[in-house]
Structure formats: C-alpha cells, structure tokens
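Visitor: Prediction below, plus the sequence it came from.
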Amino acid sequence: MDINGNKRIQAKSSPAAGAGGANSVCFHWRAGRCNRYPCRYLHSELPAAAPDESKRGLVWRKPTAPAASNWGKGRLRGKPPDRPCKHFLVGNCPYGEGCRFLHSWSVGDSFSLLTHLQGHQKVVTGIALPSGSDKMYSGSKDESVRVWDCQTGQCVAVVNVGGEVGCMINEGPWIFTGVPNAVKAWNTQTATDLSLSGPNGQVYALVVGNGMLFAGIQDGRILAWKFSAAGNCFEPVTSLLGHQLAVVSLVVGAMRLYSGSMDHTIRVWDLTSLQCIQTLSGHTSVVMSVLCWDQFLLSCSLDKTIKVWVSTDTGQLEVTYTHNEGHGVLTLCGMHDAQAKPVLLSSCNDNTVRLYDLPSFSERGKIFSKEEVRSIQVGPGGLFFTGEGTGELKVWKWLTNEMPT
C-alpha cells in the first residue's frame, strides 16, 4: 500500500509522471528532498539532446551568459545602428572602424555627401544660387556673406554686412540678405549694391511674389517693395499688419502670401489686394517654416509637428494631415530626387534632417550634423545644400542609380 500510495503521490506531484520513470528525472531529487529508495525516477540530469536540425530557427533559446571579457567589442555585425558616434561627429573617435556606432553623416542609399565647405564661424542662415552665376553665396550670424566657386569649392570672397544675417534668397541675378534694420540687395550681373530701409529689428524671412519683395520683420510687420527700373531702386509698397510677434517664415504660391510667426499663427494674404484673408491657428508654438507643394500648404513648428493644409470648397485652408516628430521642426525644403519623385527635407532641433517621400511621409534617409541645420537649399543637377549651426556647409547629391543597402 505504501508503494502504491507513493506511486500515486509521485504521479500527482511530479511533472514527469506518465512519461516513464526510466526516462524522467525525479522532481523531489531536483528539489533536494527525495526520501524514496529505490526511487523509480532518475537521480541525475538527462544528457543534452542533439539539436533537431529540422526545427532550427523555430525555438527561442536563451543564450548562455558569456564571461566578462574584452572580446566581441568590435564592429557590430549586420546593419549598423541608426545613430551616429558622438566622437566621430567631432572628429576624434578612439575606436575607429571598431566603433559600435555609425561613422557616417547620413543614413540612406539614394543620396551622398560630396564635400564640406568651412569658413563661417556661426550658424549659416541662408544659401543663394543666383541665375547666370557660377558662384554660391552663404550668409551667417557671424555678420558675413561668403562667396564660393562652384567648380573648385573654394571661398573666393568674404563680405562683412555689418550685422547678423537672418535670411538670404536669390531672385534672378539678385541676392537679398536680411540684416538688422535693413535688407541688402546685390545684383551679381551689374554689381548694383542697395540697402532697403524700413525694417525695425532683425529681418528673419524674405520672399518674392507678384513682382514684389516681401520681408518678415522682428516687430511682426511684413514690408513690401517693388523694383523701379527707372530709378534702379526698390520703392516701398506697403506694410502688412496683423501678426503680434516676429514673422520668421514666408512663402508664395497661387497668388497667395503665407506668413509664419512666433505668435503661433499662419496668415494668408491675397497678393492682389494685399489683404489678410485667413488666419490659421493649428500650431501651438513658433511656425518656423512654410512650404507650398502641389495644391497643399505645409508648415512646421517647434511644437514637433508638420501640418498639411488643403483648401476646402469654401476656399478656406484646413489641416488634412499632421505628421508628428519627436523634436521641434526648424525648416522645410521640397525638391525632387534623381527619379523625379517629390521629397520633403525636414530639419529638426535634434541635429538631424529627415527625408520623406511625399505624400506618404515614408522616411527614406536621415542626415546628421554637429548642430542644428537652419538652412537647406536646392541646387542644379541633383545637388542640395545644408547649412549648420557650426557654420559648416555640406554639399549633397542625389544618386542616379541608388546603391544597395
């Protein structure tokens, strides 16, 4: 009876019961308290079974923890992490090619870095490529405009403009630069040098539309000038009032002027009447950049969003899509890749530029920098340029044939 009782107890308490005593390990022996002798179950561990090759990859096996060692700290196998080495970014990584982090200024197989242009001492706030010229111009908060030879990549001239450059654009042969209390204008073909007065404070944004030059000013106004060929000068047209704080972004599209401001709003202005016809209040922080693409308006903000606005049947703009970023968005730039596909470049204040296919917003690459990228400019022949907080410019090019990852 005792044996039968023990059998019943064993069968009830042992998870191996029913599997055959000769091939099962004693549950109580494993716990260190078996008092049966002889015991029908094994008092030893089973030998390791040979792996079943037919089931390879189907079972999750917890690996044995390796002993402490310096082995295995070289380059990771497989795809490198999508994060650059902070030591590489400043040029002094002690691990070299054995570093576990990314030693590259970008991730993506459809574009590549051509060269670095160094010379500015502070953030690059504008890049211009005037038509008919083989020179590129860059403006910076170091109070200078640098002129670069597009063939050699060398800086051929430095112009001191007497104040921080808040923005820079080109229209035909003209280059316009926003500085405190003025807009500087240069004609690269005739060497005409003009200074447009009227701004009160820093000029943060410039755009040309309907034959007029518009400037977004620190005091919240938007000033407009029209060029007079007779006097070879720019004559004041009007001052657009409405924003409560500085106007930091401007864009023109479909006979409308769109202005983004530190007051968190976007104003829509009719270019014929120069009247504000709508105020967009979807953002909750500074509207850093506005961009027209197809029939849509795109805007970005320090509130970590990119918003896509579309015109309704009533002619009013409404948000049709909001793309959330993990960081504040500083500037937007739209262009086409080597296959003529539309791409959005979005600079964030985590020192990255993200590249998205439009309209899907599928991410197709990322650019890294030491500090924030505050200016992006499209160039000819598949080129584009980024200007960083360190004062460095980088030249990028879309690849005709994308390289495999």
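Guide: Looks like it arrived, so ask away.

Visitor: so Glu371 makes contact with Gly391?
Guide: No - counting by C-beta atoms under 8 Å, no contact exists between Glu371 and Gly391, whose distance comes to 9.0 Å. C-beta: built from backbone N, CA, C; applies to glycine.

Visitor: who's more crowded, those two?
Guide: More neighbours sit around Gly391 than around the other of Glu371 and Gly391, counting by other C-beta atoms under 10 Å; the figures are 22 against 14.

Visitor: that older thread, pull up the overlap in contacts between Glu371 and Gly391.
Guide: Residues within reach of Glu371 and of Gly391 at once, by C-beta atoms under 8 Å, 6 or more residues apart in numbering, are Val123.

Visitor: residues touching Gly201, list them.
Guide: Counting by C-beta under 8 Å, 6+ apart, Gly201 makes contact with 180-181, 217-219, 246.

Visitor: Quick check: nearest residue in space to the most centrally placed residue in the chain, chain neighbours excluded?
Guide: Among the residues of the chain, the smallest C-alpha distance to the mean C-alpha position (C-alpha atoms, centre = their mean) belongs to Val353, namely 2.3 Å. Computed as C-beta to C-beta, 6 or more residues apart in numbering, the closest residue to Val353 that is not its neighbour in sequence is Ile367, at 4.0 Å.

Visitor: With Leu194 instead?
Guide: If you skip the residues right next to it in sequence, Leu194 has Ala185 as its closest partner in space, 4.3 Å away by C-beta to C-beta, 6+ apart.

Visitor: dump the residue contacts of the one you found.
Guide: 174-177, 192-196, 234.

Visitor: need those residues in JSON lines with pLDDT, can you?
Guide: Formatted as JSON lines, the contacts of Ala185 follow (pLDDT from 0 to 100):
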{"residue": "Trp174", "pLDDT": "94"}
{"residue": "Ile175", "pLDDT": "96"}
{"residue": "Phe176", "pLDDT": "97"}
{"residue": "Thr177", "pLDDT": "98"}
{"residue": "Thr192", "pLDDT": "90"}
{"residue": "Asp193", "pLDDT": "93"}
{"residue": "Leu194", "pLDDT": "95"}
{"residue": "Ser195", "pLDDT": "95"}
{"residue": "Leu196", "pLDDT": "96"}
{"residue": "Phe234", "pLDDT": "93"}
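
Visitor: Can you tell me how far Ile169 is from Trp186?
Guide: 12 Å (C-beta to C-beta, to the nearest Å).

Visitor: And Lys366, by the same measure?
Guide: Noted for Lys366: a distance of 35 Å to Trp186, by C-beta to C-beta.

Visitor: Next: Gly163.
Guide: For Gly163, the distance to Trp186 (C-beta to C-beta) stands at 15 Å.

Visitor: can you check Gln154 too?
Guide: For Gln154, the distance to Trp186 under the criterion C-beta to C-beta works out to 20 Å.

Visitor: Those two: who's more crowded?
Guide: Neighbours per residue (other C-beta under 10 Å) separate Gln154 from Trp186, with Trp186 holding more: 21 against 11.

Visitor: any shared contact partners between Ile169 and Trp186?
Guide: Ile175.

Visitor: Met168: which element?
Guide: strand 167-171 (DSSP states H and E).

Visitor: and for that strand, what are the contacting residues?
Guide: With C-beta under 8 Å, 6+ apart as the contact definition, strand 167-171 has outside contacts at 125-131, 137-139, 145, 175-178, 203-208, 213, 375.

Visitor: Now the buried members of those.
Guide: Among those, those that count as buried by neighbour count (16 or more other C-beta atoms under 10 Å) are 125-130, 137-139, 145, 175-178, 203-208, 213, 375.

Visitor: Filter those residues down to just the ones in strands.
Guide: In strands, judged by DSSP state E, the following of those are found: 125-128, 137-139, 145, 175-178, 203-208, 213, 375.

Visitor: my guess is Gln202 meets Val183, correct?
Guide: No - between Gln202 and Val183 no contact is recorded; they are 11.1 Å apart, counting by C-beta under 8 Å.

Visitor: Neighbour count: those two, which is higher?
Guide: More crowded of Gln202 and Val183, by other C-beta under 10 Å: Val183, with 24 against 20.
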